[in-house]
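S.K.: My questions concern the predicted model and sequence given below.
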Amino acid sequence: MTRIWGDDYLSLMWQNDEHKMGWPARIFLMAGLLISITGLFYFMFGPKDPAYDWRRPGTRRSHDALVGIGDRIVLPKDQGVMLPKLKLVYRGLEKNRLLVEVTLLEMDPDVAYLHRIDPNRSASEIKLGGRAFRLDSWRRSRVRLELVR
């Protein structure tokens, strides 16, 4: 190993330092990388505002003109399902009764009529908004009805 003294040593040191990244540049790059990764994780896994969710319950497919006799309709809890001239909303279970709100769209679209349905009479017909349904199955989170007529 040879030692370089004098001007040659300083020029060699300057030349080596030119190719190395200085500490301000390292700090800047590390901070930028840290902020980018943190932002990516926040936007991917952070809290979500349901108002901006693209799978909002209001955009659920409408059953207009798709429902025929014998078809089954699933009513998720607190989400409206549109039928021709009728809107059904399942509100849950209260005192062993299923609560279903029925809105007659042609008569008064602002008023919902609450129906309390006994889950044990699944074999008999249930009249909701002038249509006849049969209770197919139910859970706390959803109700499935079959359109009879």
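M.R.: Alright, I've got the coordinates.
S.K.: drop to CA atoms for contacts and neighbour counts, all remaining ones
M.R.: OK.
S.K.: just checking, what packs against the helix or strand encompassing F41?
M.R.: Counting by DSSP states H and E, the element that carries F41 is helix 23-45. With contacts defined as 3 or more Cα pairs under 8 Å, 6 or more residues apart in numbering; DSSP states H and E, helix 23-45 has no helix or strand neighbours.
S.K.: I'd like the next helix or strand past that helix.
M.R.: As assigned by DSSP H and E, the chain's next helix or strand after helix 23-45 is strand 72-76.
S.K.: List the neighbouring strands of that following strand plus their orientation.
M.R.: The pairing partners recorded for strand 72-76 under DSSP bridges are strand 142-147 (antiparallel).
S.K.: residue ranges with poor pLDDT in this protein?
M.R.: Residues of the chain meeting the criterion pLDDT under 70: 1-21, 50-70, 122.
S.K.: Walk me through the domains of it.
M.R.: As recorded under automatic domain parsing, the domains making up the chain are 7-47, 57-147.
S.K.: Please identify the deepest-packed of the ones you listed.
M.R.: Highest mean neighbour count of the domains of the chain: domain 57-147, a mean of 16 (counted as mean count of other Cα atoms under 10 Å).
S.K.: so how far is that domain from its chain's centroid?
M.R.: 22 Å (Cα atoms, centre = their mean, to the nearest Å).
S.K.: Begin at 236 from now on, thanks
M.R.: Yes, from this point I'll number from 236; that puts the last item at domain 292-382.
S.K.: For L382, which non-adjacent residue is closest in space?
M.R.: Leaving aside its sequence neighbours, L382 sits nearest to F368 (Cα to Cα, 6 or more residues apart in numbering; 4.6 Å).
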